[in-house]
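> could you work out the structure for the sequence below:
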Amino acid sequence: MIIDFKLRKTKNIRSDNDVLNFDYVKKLSKDFPAMSLEKKYQDREHGYTDILLKLIDACHLDMKNYYLGYYSEFVPLQDNSKILKYKGYWFLKDSQNEKYANLWGKCYSFLTHKKEFLLEKQDKLKMSGIVFLNLENTNEIEELIKSVSYNVDRGFFFIIQKNFLDEFEEIIKKYDYSDYIDFVLNKHGCVFILLGDEDNKSSEIVVISNEIIINRIIHNIENF
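This is a model prediction of the structure:
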């Protein structure tokens, strides 16, 4: 049951604000507006799923022309070893997630459209993955949210026009985390970042986009 919600907003995510102050947003190429919605749920993972779907709906985009995706990567860089390259990102993500310690290599089998990227960098290995989600399959979205480990990786959901997908994947192969967010935003997409207070069982999602979409979401949340 939803108890209450909080709305926060800023005209410039790179400035000091009450929405998001992580280092990677300070590195974006220009100012982007953002907002966040926080609600208390008995089940936080369900709360994230509920808020995410409502925010996407409030964007009022024709999703036939867009992909809903999730990008994540390990932090810090991994040792550059043959065994890690062999296992790949999604298998290793299983093994580092305590929730699924007995299901290594299996728990992400429910993701039907996923890719992984390996980038050698400074004698280390950057490992990351991307998955594309079906808005009609809410179970897949919620299972992915349940399996996210905030201790060993970082990631974000995103909406991007389908014709930019190949270019986005090339950006992932060459650049860094803030560049991926920057690319989505400069292509008039949306970035969704999961936050929230674990102790108070709150689920919070930050949305970064352009002024039109952010204002549209804020206008529509009264119907949540």
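> buried residues in whatever helix or strand Ser178 lives in?
Here Ser178 sits within helix 177-186, counting by DSSP states H and E. Under the neighbour-count criterion of 16 or more other Cβ atoms under 10 Å, helix 177-186 has Tyr177, Ser178, Asp179, Tyr180, Ile181, Asp182, Phe183, Val184, Leu185 buried. The way it works is simple: take the backbone N, C-alpha and C, and place the C-beta from them, glycine included.
> could I have the helix or strand following it exported to CSV, CA atoms only?
Per DSSP H and E, helix 177-186 leads on to strand 190-195 as the next helix or strand towards the C-terminus. The C-alpha trace of strand 190-195 is given here as CSV (Å, rounded to 0.1, in the frame of the first residue of the first chain):
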residue,chain,number,x,y,z
CYS,A,190,15.1,9.7,-20.5
VAL,A,191,17.4,8.3,-17.7
PHE,A,192,15.9,6.7,-14.6
ILE,A,193,18.1,6.2,-11.5
LEU,A,194,16.9,4.1,-8.5
LEU,A,195,17.4,5.7,-5.1
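> state the mean pLDDT of strand 190-195.
The predicted model assigns strand 190-195 a mean pLDDT of 95.
> quick one: strands adjacent to it?
In the sheet, strand 190-195 lines up against strand 153-161 (antiparallel), strand 202-208 (antiparallel) (DSSP bridges).
> before we move on, back to that, reformat the buried residues of helix 177-186 as a markdown table; add pLDDT and distance to Glu45.
As requested, the buried residues of helix 177-186 are exported to a markdown table (pLDDT from 0 to 100; distance: Cβ to Cβ, whole Å):
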| residue | pLDDT | distance to Glu45 |
| --- | --- | --- |
| Tyr177 | 94 | 23 |
| Ser178 | 96 | 27 |
| Asp179 | 96 | 29 |
| Tyr180 | 97 | 24 |
| Ile181 | 97 | 23 |
| Asp182 | 97 | 28 |
| Phe183 | 97 | 28 |
| Val184 | 97 | 24 |
| Leu185 | 97 | 26 |
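> list the contacts of Gln78.
Gln78 sits next to Leu84, Leu92, Lys124, Leu125, Lys126, Met127 when contact means Cβ atoms under 8 Å, 6 or more residues apart in numbering.
> with Val148 instead?
Val148 makes contact with Ser72, Gly155, Leu194, according to Cβ under 8 Å, 6+ apart.
> thinking again about what came up before, select, out of the strands paired with strand 190-195, the one closest to Arg44.
For those, proximity to Arg44 was assessed by Cβ to Cβ; strand 202-208 is nearest, at 5.0 Å.
> now do that closest one against helix 177-186, angle only.
Strand 202-208 and helix 177-186 meet at an angle of 70 degrees, taking axes from the mean of the first three to the mean of the last three Cα atoms, to 10 degrees as the criterion.
> quick check on the contacts of Gln78: which are buried?
Listed as buried from the contacts of Gln78 are Leu84, Leu92, Leu125, Lys126, Met127; burial here means 16+ other Cβ under 10 Å.
> Asn134 and Phe32, how far apart?
27 Å (Cβ to Cβ, to the nearest Å).
> of the two, who's got more company?
Comparing Asn134 with Phe32 by neighbour count (other Cβ atoms under 10 Å), the higher total belongs to Phe32, at 22 against 11.
> next one: phi and psi at the more buried one?
Dihedral pair for Phe32: phi -130, psi 140, per degrees, to the nearest 10.
> let the chain start at 3 from now.
I'll keep to 3 as the first residue from here, and by that count the last item is Phe34.
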